[in-house]
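Peer 1: whatever this is, show me its structure:
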Amino acid sequence: MNSKTKILSLQKTIMILVLMIILPFLSFAGVIEVGPGKTYISPQSAAQVAIPGDTILIFPSIYTGSNLVTNIHGNEGQYIYFLGVNPELVVFNGGSQGLHFSDVSYIHIEGLSFTGHTGNGMNIDDGGSFDTPTRYINVVNCHFYDMGAQGNNDFLKMSGVDDFLVSGCTFENGANGGSGIDMVGCHQGEITGCTFKSMGSNCIQAKGGTQFIDIFTNRFEDGGQRSLNLGGSTGLQFFRPLGAQFEAADINVYANIFYRGWTPIAYVGSIRVHVVNNTIINPENWVMRILQETVDVTRFLPCGDNSFVNNIVYFSNSLATYVNIGPNTDAASFEFKNNLWYNHQTPTNSSPNLPTLESNRITGLDPLFVDISSGDLALTEDSPSIDKGVLTSFLTDYNGDVVPQGATNDIGAIEYGIVSSLNSFSKKSTVNVFPNPCYTFCFIESESIEPKHLSLYDASGANISDKIKVTSVCKNIVKINMEQLRPGIYHLMTPSFYKKIVKI
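Peer 2: This next block holds a predicted model:
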């Protein structure tokens, strides 16, 4: 065998070995290219031929017109992907809307930009089939900016969408009467790691029977009339389910940072909404509103049974009042605990007037941020917020790090000291997680790792290790089967390292 033959034989052997390694990840999925000079000129036309596991790869261009994608479905472990090659160069611009997904499931959308629309930037709905919601939808790392109309126009409109994730997206310069994200009758969803700037009516609205939503680790700047409208006013025919007794219920808002906004938090016809461990800076008129806009005592429960716990409220003399309470509400059922209230202009005027007695409040003490002028809202070692929060089940702070179970909570969005300690874990040991984001399983590679020492936590801090199966592949690699977990952010911890895992 001559040298050239030997080289070709070696190359062939290497290629076979590489294929043996990567084939289990590929699932024989296809790539469908969209853009100038490609087979398909629009995502709408490409979607007509997509099957589970396919990637619709969208190349740089300005895409105009309304792209309607309807009745396509991936399956568990085989999403259909709409991926932009470059999120700032793959732009859906103008027209009534950029992308409209209707009656779909197992769809992952990532790396796209939306601007200049006169309706909604992206619309996702159930096609009017209330009993069969659109499900398993991920919207990741998308950019929504400069809405083209100033009425009730939303960057991301979702109606009848269940089991969804919105992560790492940016929303800037919204319509005066619209939302960054508007949910009508949506359930089991997470909105995390997003940034909202200069919104009109609100950043996030949850109404029409929306339930079981987690809103965490987001940043809200100048969030409009109601940065979070937790509830609202919905036509009866649009409720999902049709017989819902509330606008919104079972919503958790934690580890977020709010800058300004007419009011950061509005509880509107909502029940069991928990606002926990957030940092609120200079609200402009009210800290919160308690309202009931959908009134029917024979059907709808009054706004109540909600909580406001472990939050830092850093405000000025411009605040009109702390809580705006409207008629037909049950403000007396609200729970207030362990919040820090600080008027940085007149510290002696820091005590809020609340509808119920607050336990363990702190007033008139500077929370002592590292550098509020530069936006560093971490706590210094002398902060009165440290270890003064009531222990809750929400153990993820603004930086996405997990407070160890059993630890005492701080007040505010950022736990003191936890970031540096978790970062030190990563420095002690080289850890590789792949693929990440993952679908059904992922691999953890480390110099020293034992399956029995792995713990997995969900975004609220609950230990869910019993829901995964961990097996050793070889000395330094373990495989984690996450098939039973719904899409979202999870936190992997051992005595020596910490890693964030995203399941999509």
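Peer 1: quick one, what contacts residue 118?
Peer 2: 94-96, 148-149, 153 (C-beta atoms under 8 Å, 6 or more residues apart in numbering). Where C-beta positions appear, they are placed from N, C-alpha and C, glycine not excepted.
Peer 1: need the nearest residue in space to it, chain neighbours excluded.
Peer 2: residue 149 (4.3 Å; C-beta to C-beta, 6 or more residues apart in numbering).
Peer 1: any chance of the contacts of residue 118 in a markdown table, with neighbour count, secondary structure and distance to residue 209 too?
Peer 2: Shown next, in a markdown table, are those (neighbours: other C-beta atoms under 10 Å; DSSP: H, G, I helix; E, B strand; the rest coil; distance: C-beta to C-beta, whole Å):
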| residue | neighbour count | secondary structure | distance to residue 209 |
| --- | --- | --- | --- |
| 94 | 16 | coil | 33 |
| 95 | 16 | coil | 30 |
| 96 | 15 | coil | 26 |
| 148 | 16 | coil | 29 |
| 149 | 16 | coil | 27 |
| 153 | 25 | coil | 22 |
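Peer 1: output the below-cut-off pLDDT ranges for this structure.
Peer 2: Where the chain drops to pLDDT under 70, the residues are 1-29, 394-395, 401-408, 418-430, 447-451, 460, 473-475, 495-496.
Peer 1: do a quick rundown of the helices in it.
Peer 2: Assigned by DSSP state H, the chain shows helices spanning 3-26, 43-47, 418-428.
Peer 1: tell me what the second one is packed against?
Peer 2: So the one you mean is helix 43-47. strand 31-34, strand 55-58, strand 67-70 (3 or more C-beta pairs under 8 Å, 6 or more residues apart in numbering; DSSP states H and E).
Peer 1: CA atoms only for the first one - export them in PDB, please.
Peer 2: Taking C-alpha atoms only, strand 31-34 is exported to PDB below (Å, rounded to 0.1, in the frame of the first residue of the first chain):
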ATOM      1  CA  VAL A  31     -31.700  21.500   6.200                       C
ATOM      2  CA  ILE A  32     -34.000  23.700   4.100                       C
ATOM      3  CA  GLU A  33     -32.400  26.900   3.000                       C
ATOM      4  CA  VAL A  34     -34.300  30.100   2.600                       C
END
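Peer 1: OK, contacts around residue 339?
Peer 2: So residue 339 contacts 308-313, 358, 361-362, 411 (C-beta under 8 Å, 6+ apart).
Peer 1: ok, 6 Å please
Peer 2: Neighbour list for residue 339: 311, 361 [criterion: C-beta atoms under 6 Å, 6 or more residues apart in numbering].
Peer 1: same question for residue 182.
Peer 2: If you count contacts by C-beta under 6 Å, 6+ apart, residue 182 has them with 154, 157, 205.
Peer 1: what's the closest non-adjacent residue to it?
Peer 2: Leaving aside its sequence neighbours, residue 182 sits nearest to residue 154 (C-beta to C-beta, 6+ apart; 4.2 Å).
Peer 1: residues near the one you found, how many?
Peer 2: Using other C-beta atoms under 10 Å, residue 154 is surrounded by 29 other residues.
Peer 1: shouldn't it be in contact with residue 181?
Peer 2: No. Using C-beta atoms under 6 Å, residue 154 makes no contact with residue 181, being 7.3 Å away.
Peer 1: which residues touch residue 158?
Peer 2: Counting by C-beta under 6 Å, 6+ apart, residue 158 makes contact with 124, 183, 186.
Peer 1: and if we set it to 7 Å?
Peer 2: Residue 158 makes contacts with 124, 182-183, 186, as judged by C-beta atoms under 7 Å, 6 or more residues apart in numbering.
Peer 1: quick check, nearest of those to residue 88?
Peer 2: Checking those against residue 88 with C-beta to C-beta, the nearest one is residue 124 at 22.3 Å.
Peer 1: may I have the residues that are in contact with the closest one?
Peer 2: 101, 134, 137, 158, 161.
Peer 1: adding distance to residue 264, write those out as CSV.
Peer 2: Formatted as CSV, those follow (distance: C-beta to C-beta, whole Å):
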residue, distance to residue 264
101, 30
134, 30
137, 27
158, 22
161, 25
